[in-house]
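K.L.:
sharing a model prediction with you, sequence too.
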Amino acid sequence: MMNRISKAIKNTFKHFHLSMRRKITFDYLLLYFFIGLISVLLIPIIFAFNNISGDVEKESYEVNRVLLAYNQEIYSLQEAEVKISQITQSSNISFEIIGYSDFENSVKAFTIQTGAFQNHDFSYDLFKRMDFFINEQLIAKRLDNQYYESEEENYTYVIYTLYPVTLYESELMTLGILLLVFHIIGFVLMGMIGGARVKKVLNPIYHMTKAAEEVSISNLTLRLDVNSTKYELKDLALTLNDMLDRLDKDYSKQKRFVSDVSHELRTPISIINGYASMLERWGKKDPEIIDESIDAIISESKSMQQLVENLLTLVRSDNQTLQYEFETFDLAELICSTVKEFNMLNTKEQSIACEVEKGLFVSLDPVKIKQTIRIFVDNAIKYTPEHGDVFVKAYVQDKNVYIHIKDSGIGIKKEALPYLFERFYRSDESRTRQTGGHGLGLSIAKVIILGHKGKIRVKSRLGKGSEFILILPIHAKL
């Protein structure tokens, strides 16, 4: 029933565009209205039943005294009936007393009827009582059985009462009107005070909405005021501020990323354009200029291709579409072959050595693991001076494989360590230009290691060299 009423009210007001404050106020007023309606209906009824029950109890006490006197043969049955009729006339409460000499077998000894009972064929069942209440405005009640003993026999008395509601009509009307007036006053006060209170509670949301409208790409530093909010709204403001912090940080990274990519692409494009212009002007008949230009264009094209491939790897990682081909292979053989390749190409007369356990079989992606080892060994060679040492070590411990790449190079500043694996990060700009590269190698290596559910640890001292420790599970994927 309540659901139907609620749906009907919602359908009635669904075309009205109310604010949140008015909706909350309206909901509370609606709740107050139903509570008031129920109280206006129930309180007078409870009041009437309470008063009537008191009167019935008082008069039934007098009836019991008459029955006791009859049982003691002080009154005859006719005298007892007269006395009970007198009680009915003074109180307007009708009685029906049935005396049973054998209650279990329903053997009646006598029946006394007074007042309304003399004019009605009454039976004490629910429908009959409802009919009396609706049509006659009489309330039927059965009192507890009364048991009396006489010298000759035992009697059980069952007493029924009928009492009119109209006796309390004026009191009920007065009480109902008072309740209605006070509820109307309360309804008005609740609408005024409740609306103001709800507005005060929701005021921080209005401020948050206004502040959120002012947030834009050019103004991501704006934050919501948390000092004027409390409880859940304060938690909401803190959460939104935290979200804005992350957006600001990510947007700053994105801007820097776009700027770094543009910077990296600008140099090779400028070189290619320069050599193409030189070929167009002077190099058509000069073999030396042609050869130099072609070599430069090929070199810069390869550099751009490598940059694009690295960027694609990072983008696939961000989109979680980077594929790994897991298979079982000998990691010791892979590391040794990679170190051997660097020894063959090394021109700085450095010592590049490896020490690995034989038969180090793992289930990883061999292509990407080799790419990662190349990145770390290549960085170690770049930042280690001539005749320096580069050492690669691998072993198994606690179901993980540990790969150490250690060099005796220039080391890394302590303040640069937290940013070492960020894209295009350069702890030393001049050194980066000397050694080449795009600053994406360590970022790609981190992506690959994390993709294998591994970890990277870094130890470095400025001027003393660096050590990178790769920790990988033996079976990243079975």
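P.N.:
That came through fine. Numbers count the residues shown, from 1 in each chain.

K.L.:
need the longest helix for this structure.
P.N.:
Scanning the chain for the helix with the most residues, using DSSP state H, yields helix 20-71.

K.L.:
after that one, next one along is what?
P.N.:
helix 77-91 (DSSP states H and E).

K.L.:
on that earlier part again, so what secondary structure elements neighbour the longest helix of the chain?
P.N.:
Contacts defined by 3 or more C-beta pairs under 8 Å, 6 or more residues apart in numbering; DSSP states H and E place helix 20-71 against helix 77-91, strand 94-102, strand 138-142, strand 146-149, strand 154-164, helix 169-214. (C-beta placed from N, C-alpha, C; glycine too.)

K.L.:
between these, which one is closest to Gly274.
P.N.:
helix 169-214 (46.8 Å; C-beta to C-beta).

K.L.:
quick one: the closest one to helix 20-71, angle?
P.N.:
Here helix 169-214 points in a direction 160 degrees away from that of helix 20-71 (axes from the mean of the first three to the mean of the last three C-alpha atoms, to 10 degrees).

K.L.:
what's the spacing between the residue nearest to Ser363 when sequence neighbours are not counted and Phe326?
P.N.:
Nearest non-adjacent residue to Ser363, counting by C-beta to C-beta, 6 or more residues apart in numbering: His475, 4.4 Å away. Taking C-beta to C-beta, to the nearest Å as the measure, His475 falls 9 Å from Phe326.

K.L.:
which residues do the two both contact?
P.N.:
Residues touching both His475 and Phe326 by C-beta atoms under 8 Å, 6 or more residues apart in numbering: Ser363.

K.L.:
more neighbours: which of these two?
P.N.:
Higher neighbour count among His475 and Phe326: Phe326, with 16 against 13, using other C-beta atoms under 10 Å.

K.L.:
next, count neighbours for Ile217.
P.N.:
So Ile217, with other C-beta under 10 Å, has 8 neighbours.

K.L.:
my read: the residue nearest to Ser363 touches Val362, true?
P.N.:
Yes - using C-beta atoms under 8 Å, His475 makes contact with Val362 at a distance of 7.2 Å.

K.L.:
and Glu264, how many neighbours?
P.N.:
20.

K.L.:
and the one 10 residues further on, by the same measure?
P.N.:
Close neighbours of Gly274, defined as other C-beta under 10 Å, add up to 14.

K.L.:
which pLDDT value belongs to it?
P.N.:
Reported pLDDT at Gly274 in the predicted model: 83.

K.L.:
same check on Lys285?
P.N.:
69.

K.L.:
next: the one 10 residues further on.
P.N.:
Each residue has a pLDDT score; the one for Asp295 is 82.

K.L.:
now it. Its backbone dihedrals?
P.N.:
Torsion angles at Asp295 (phi, psi; degrees, to the nearest 10) stand at phi -60, psi -40.

K.L.:
what distance do you get for it to Trp282?
P.N.:
17 Å.

K.L.:
try Ser218
P.N.:
Distance, Ser218 to Trp282, by C-beta to C-beta: 47 Å.

K.L.:
look at those two and report which has more neighbours.
P.N.:
Neighbours were counted for Ser218 and for Trp282 using other C-beta under 10 Å; Trp282 has more, 10 against 6.

K.L.:
give me the nearest residue to the more buried one, chain neighbours excluded.
P.N.:
Counting by C-beta to C-beta, 6+ apart, Trp282 lies nearest to Ile289, which is 6.2 Å off, once chain neighbours are set aside.

K.L.:
what's the pLDDT at that neighbour?
P.N.:
Model confidence at Ile289 (pLDDT) stands at 76.

K.L.:
what does Thr384 give?
P.N.:
Thr384 is assigned 90 on the pLDDT scale.

K.L.:
now Ile449
P.N.:
Here, the pLDDT recorded for Ile449 equals 92.

K.L.:
tally up the residues packed near it, please.
P.N.:
Using other C-beta under 10 Å, the number of residues around Ile449 comes to 20.

K.L.:
please renumber so the chain begins at 30
P.N.:
Shifting the count to begin at 30 puts that one at Ile478.

K.L.:
send the alpha carbons of the strand or helix carrying it over as PDB?
P.N.:
According to DSSP H and E, Ile478 maps onto helix 470-480. Taking Å, rounded to 0.1, in the frame of the first residue of the first chain, the C-alpha atoms of helix 470-480 are listed here in PDB:
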ATOM      1  CA  GLY A 470      65.400   2.400 -22.300                       C
ATOM      2  CA  LEU A 471      65.000   2.100 -18.600                       C
ATOM      3  CA  SER A 472      61.200   2.800 -18.900                       C
ATOM      4  CA  ILE A 473      60.800  -0.100 -21.300                       C
ATOM      5  CA  ALA A 474      63.000  -2.300 -19.100                       C
ATOM      6  CA  LYS A 475      60.700  -1.500 -16.100                       C
ATOM      7  CA  VAL A 476      57.600  -2.300 -18.100                       C
ATOM      8  CA  ILE A 477      59.000  -5.700 -19.100                       C
ATOM      9  CA  ILE A 478      60.200  -6.600 -15.600                       C
ATOM     10  CA  LEU A 479      56.800  -5.600 -14.100                       C
ATOM     11  CA  GLY A 480      55.100  -7.600 -16.900                       C
END
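
K.L.:
this completes my enquiry, with thanks.
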